[in-house]
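>>> Quick one, what's the 3D model for this:
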Amino acid sequence: MSPLPTTPGAGAPTPAADAAAAAAADDAATADAPARPDLVVGDDGLARPRWAAADALLRDYYDTEWGMPVRDEHGLFERLSLEAFQSGLSWATVLRKRPAFREVFAGFDPEAVARFDDADTARLLDDARIIRNRAKVLATVQNARATLELRADGGLAELVWSYRPDATPAPRSFAEVPSTSPESRALAKDLKKRGFTFVGPTTVFALMEAVGVVDTHLVGSHRRGTSGVWA
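Have a look, this model is predicted:
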């Protein structure tokens with residue numbers, strides 16, 4: 001917002017001028033919202049994307065987690081696992097089931113999950129609190145084992161963050177948010193080479209968004225640029 005122009009030599013502003021200036025400032029602060037229909041200004045005066053505005057759980061996730069940097073093995077393994085379970089479903093579904101996922105997958109400790117056997121698989125597929133997809137359950141166990149093997153070559157966090165691009169997207173609408181990138185395609189290929197499964201370019205790009213490797217918060221959102229990774 002640019003400062004309002006002043007007239008050289010003019011005296012102190014009048015109350016009417018003060019009121020007009022305040023109204024103009026308010027208008028300038030919110031004028032962009034109607035032009036960006038994918039953003040919603042909440043009761044708190046903060047702009048968020050529509051997907052994060054209507055549901056309290058999604059709103060809290062958007063405000064506190066999504067896009068914030070995750071640089072540890074445990075955190076990245078959990079998010080990679082949940083992104084794989086989300087494939088073909090809504091993120092809200094996964095988020096509501098996240099406490100149960102954490103419980104049955106040993107808090108997403110990769111060392112514990114890597115030891116899961118056929119009995120654990122049967123236990124998981126019999127638990128209605130989570131997404132009971134055999135391929136995704138088996139992928140999570142396999143990815144835990146691949147995560148441990150990757151430690152000898154720098155670890156999961158080092159690998160994921162090595163694919164940070166030189167620039168991040170600056171979408172002004174949902175239509176401008178990419179679903180993949182050259183980096184996500186390259187990282188997906190690298191992860192598969194290292195034994196990971198359910199890590200296609202779209203899933204990997206969603207991971208990169210979630211953990212701050214890229215910033216796809218819509219321009220105008222109160223969360224844009226807040227991760228400390230991207231100015």
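>>> Doesn't residue 77 belong to a helix?
Yes. Read with DSSP: H, G, I helix; E, B strand; the rest coil, residue 77 is one of the residues of a helix.
>>> Tell me the pLDDT of it.
For residue 77, the model assigns a pLDDT of 98.
>>> hang on, isn't it packed against residue 145?
No. With contact defined as CB atoms under 8 Å, residue 77 does not reach residue 145; the gap is 11.0 Å. Any C-beta I mention is one placed from the backbone N, CA and C, and that applies to glycine too.
>>> Compare these two and say which is more crowded by neighbours.
residue 77 (24 against 17; other CB atoms under 10 Å).
>>> Let me see the contact set for that one.
108, 110, 113, 143, 144, 147, 156 (CB atoms under 8 Å, 6 or more residues apart in numbering).
>>> How about it: what's its closest non-neighbour residue?
What sits nearest to residue 77 in space, not counting adjacent residues and going by CB to CB, 6 or more residues apart in numbering, is residue 110, at 4.9 Å.
>>> so how many other residues sit close to that neighbour?
Residue 110 has 26 neighbours, counted by other CB under 10 Å.
>>> and the gap between it and residue 101?
14 Å (CB to CB, to the nearest Å).
>>> what about residue 209, distance to residue 104?
Residue 209 sits 26 Å away from residue 104, going by CB to CB.
>>> Output the lowest mean pLDDT helix or strand found in this protein.
Least confident helix or strand of the chain, by mean pLDDT, DSSP states H and E, is helix 15-30 with a mean of 38.
>>> residue ranges with poor pLDDT in this protein?
For the chain, applying pLDDT under 70 flags the ranges 1-35.
>>> can you give me the strands in the chain?
Along the chain, the segments classed as strands by DSSP state E run 39-41, 47-49.
>>> out of those, nearest to residue 60?
Residue 60 lies closest to strand 47-49 among these, at 11.1 Å (CB to CB).
>>> Can you tell me which of the contacts of residue 77 end up in helices?
Under the assignment DSSP state H, those contribute 110, 113, 143, 144, 147, 156 to helices.
>>> of these, closest to residue 92?
Proximity of those to residue 92 (CB to CB) peaks at residue 143, which lies at 23.1 Å.
>>> which residues touch the closest one?
By CB under 8 Å, 6+ apart, residue 143 lies in contact with 77, 80, 81, 84, 196, 197, 198, 199.
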